[in-house]
Each structure stands twice: as C-alpha cells, then as structure tokens.
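Novice: generate coordinates for the sequence data below:
(one chain, ligands or ions: 1)
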Amino acid sequence: MTTRARPLIAGNWKMNGLTGSLAELDAIIAGSSAVADRADLLICPPATLVAAFAARAKGTAVMIGGQDCHPEPCGAHTGDIAAEMLKDAGASFVIVGHSERRADHHETDELVRQKTLAAWRAGLVAIVCVGETGAERDAGQTLDVVGRQIERSVPDGARTESLVVAYEPVWAIGTGVTPTTSDVEQIHAFICLKLSKKMKNSGESSKILYGGSVKPSNCNELLCISHVNGALVGGASLKSSDFLAIAAAAPK
Ligand code: 13P
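Specialist: Residues are numbered from 1 along each chain as shown. Modelled structure (predicted):
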C-alpha cells in the first residue's frame with residue numbers, strides 16, 4: 001500500500017491584501033492547529049505583505065510564500081523581486097508560471113524553468129503552475145499542453161522536497177467551474193508519470209496540487225482524487241473560514 005503524501009493547502013492571494021489583512025492571517029493562524037493533523041498550510045500574499053506575514057507566522061503552522069520571482073539574484077530589473085529577497089523576507093515557497101503571469105506578462109516555459117532554478121538557488125520550494133486554456137481543452141489538447149509545460153518548465157533533476165506542481169486549468173480559475181473527477185484523476189496521473197522521469201530519484205514524484213475554483217463545497221471531492229496532494233486556492237483563500245474549511249476537508 002502506498003501512503004498518501006501529506007496534503008498542502010496553499011492560498012494564492014494574487015493582487016489582494018493591504019496591511020489590514022494581517023487580521024485574516026491571524027485568523028488562519030488561530031485555526032491552524034485544528035487542521036494541523038490534516039495538511040500543511042501556505043499563504044502567498046502580494047510581495048508587499050510577505051515580510052509582515054512571515055514575521056507574524058513565524059513559529060506557527062502557517063508558511064508564507066511569494067507569487068513570482070525573477071531568475072536573477074539581483075541587478076537592474078526595475079519592479080522585479082529576486083527569489084533571494086523573498087527568502088530574506090521570510091518566505092519558504094514561491095509560485096512560478098501562474099497562468100495569469102504566463103498571459104499578462106507573456107512568460108514562456110523557458111522563463112518559468114529559469115525562475116524555478118532561481119527559487120532552488122535561494123532555498124525556496126517552487127510551485128510550478130501548468131494548465132490548458134478552454135480553447136486548448138476544447139481542441140482535445142490538454143495532455144499535449146500540460147505535458148509540454150511540464151517538460152519545458154520543470155528543470156531536470158528536481159527533488160521532491162523542493163518542487164510542487166499545481167495543475168490549474170485556466171478555464172476553471174475564478175469561474176466556479178471545475179473539471180470532472182475523472183478528468184482531474186487522469187491529468188494528475190499523467191503529470192505524476194511525466195514528473196517521475198524528471199526527478200533526481202526517478203520514479204518519485206513531487207506533490208501535485210489541483211487549482212481552479214476550489215471552495216469549501218467542492219474541496220472534499222477534489223482532495224480525495226488519487227494523485228491530488230492538495231490545492232492551490234485563489235478566491236476562497238482570502239477568507240480564513242473558507243481556507244480553513246478546505247484544509248479541514250483534506251483526507252487523512
Ligand atoms: P480561484 O480559486 O479563485 O479559481 O483561483 C485559482 C488560482 O488561480 C490559484 O492560483
């Protein structure tokens with residue numbers, strides 16, 4: 001019998017949150033001990049809040065991450081943030097290659113791969129996001145697109161402990177629509193197989209999160225699917241009660 005990897009419930013706050021949002025983090029921290037036997041908890045606030053959130057969460061069960069990083073450790077890159085800066089601010093994870101960055105900032109798989117290497121250089125766990133658009137799904141290209149993204153965005157020789165992959169179908173983000181259970185199962189199994197060839201210890205796989213309209217009402221079904229090792233939660237992570245309810249639904 002294979003043991004299930006401990007789930008990771010990660011909140012991506014995207015471009016939401018001001019200093020007043022520390023109260024929401026406090027509520028998540030306060031509720032974290034009740035779900036600590038079920039899942040690891042991670043909040044990725046906007047860059048302006050990483051240091052304050054990390055200071056507040058220090059010594060608690062809640063980890064803090066960034067939402068993006070530049071491939072270089074420093075230099076003339078106005079407005080960008082290095083993985084080393086996130087680490088210095090107290091982050092332990094960073095999301096790279098989110099579909100909103102791939103779309104809004106024209107990020108390529110090769111750039112995402114470089115960002116993943118930057119995360120590792122700084123000692124951060126990289127959460128590499130992949131997922132097809134609605135048009136690609138309708139054209140029957142999901143596995144081709146996701147397979148290519150994994151192939152090109154995940155560096156060879158990845159270690160399980162420093163890589164997480166998030167499967168986020170673009171058409172499911174913020175829409176309230178989710179893929180069927182059997183589609184998630186099939187795609188996660190496919191990602192697992194692809195990843196196992198990339199890993200330092202081939203045959204292993206990193207955690208694979210599902211993301212896209214995860215809510216308290218659908219999370220139990222999604223989190224129980226095989227090869228789903230947690231969730232990357234957008235909108236529902238902004239409300240502590242919803243985020244904790246999702247973590248509480250993770251299978252033991
Ligand atoms: P929603 O949960 O709001 O659909 O967002 C998912 C997402 O993009 C997380 O990275």
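
Novice: grab the nearest non-local neighbour of Ala89.
Specialist: Leaving aside its chain neighbours, Ala89 sits nearest to Ala51 (4.1 Å; criterion: CB to CB, 6 or more residues apart in numbering). No exception for glycine: its C-beta is placed from N, CA and C like everyone else's.

Novice: measure that neighbour to Gly90 for me?
Specialist: Using CB to CB, to the nearest Å, we find Ala51 at a distance of 6 Å from Gly90.

Novice: for burial, what's the neighbour tally of Lys215?
Specialist: 16 (other CB atoms under 10 Å).

Novice: for the residue lying closest to it once chain neighbours are set aside, what are its contacts?
Specialist: Spatial nearest neighbour of Lys215, chain neighbours left out: Ala236 (5.0 Å); criterion: CB to CB, 6+ apart. Residues near Ala236 by CB atoms under 8 Å, 6 or more residues apart in numbering: 214-216, 242-243, 246.

Novice: ok, which of the residues you listed also contact the ligand?
Specialist: Residues of the contacts of Ala236 in contact with the ligand (CB under 6 Å from any ligand atom): Val214.

Novice: Leu222: which of the contacts of Ala236 is nearest?
Specialist: Val214 (6.1 Å; CB to CB).

Novice: on that earlier part again, can I get the contacts of Ala236 in TSV including pLDDT and secondary structure?
Specialist: What follows is the contacts of Ala236, written out as TSV (pLDDT from 0 to 100; DSSP: H, G, I helix; E, B strand; the rest coil):
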residue	pLDDT	secondary structure
Val214	98	coil
Lys215	98	coil
Pro216	97	coil
Asp242	98	helix
Phe243	98	helix
Ile246	98	helix
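
Novice: show me what contacts the residue in the stretch 101-250 of the chain positioned nearest to the ligand?
Specialist: Ranked by CB to the nearest ligand atom, the top residue of the stretch 101-250 of the chain for proximity to the ligand is Gly234, at 2.2 Å. Shown in contact with Gly234 (CB under 8 Å, 6+ apart): 11-12, 14, 173-174, 211, 214.

Novice: rerun at 7 Å
Specialist: 12, 14, 173-174 (CB atoms under 7 Å, 6 or more residues apart in numbering).

Novice: any chance of those residues in a markdown table, plus pLDDT, distance to the ligand and secondary structure?
Specialist: Formatted as a markdown table, those follow (pLDDT from 0 to 100; distance: CB to the nearest ligand atom, whole Å; DSSP: H, G, I helix; E, B strand; the rest coil):
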| residue | pLDDT | distance to the ligand | secondary structure |
| --- | --- | --- | --- |
| Asn12 | 98 | 4 | strand |
| Lys14 | 98 | 7 | coil |
| Ile173 | 98 | 4 | coil |
| Gly174 | 97 | 4 | coil |
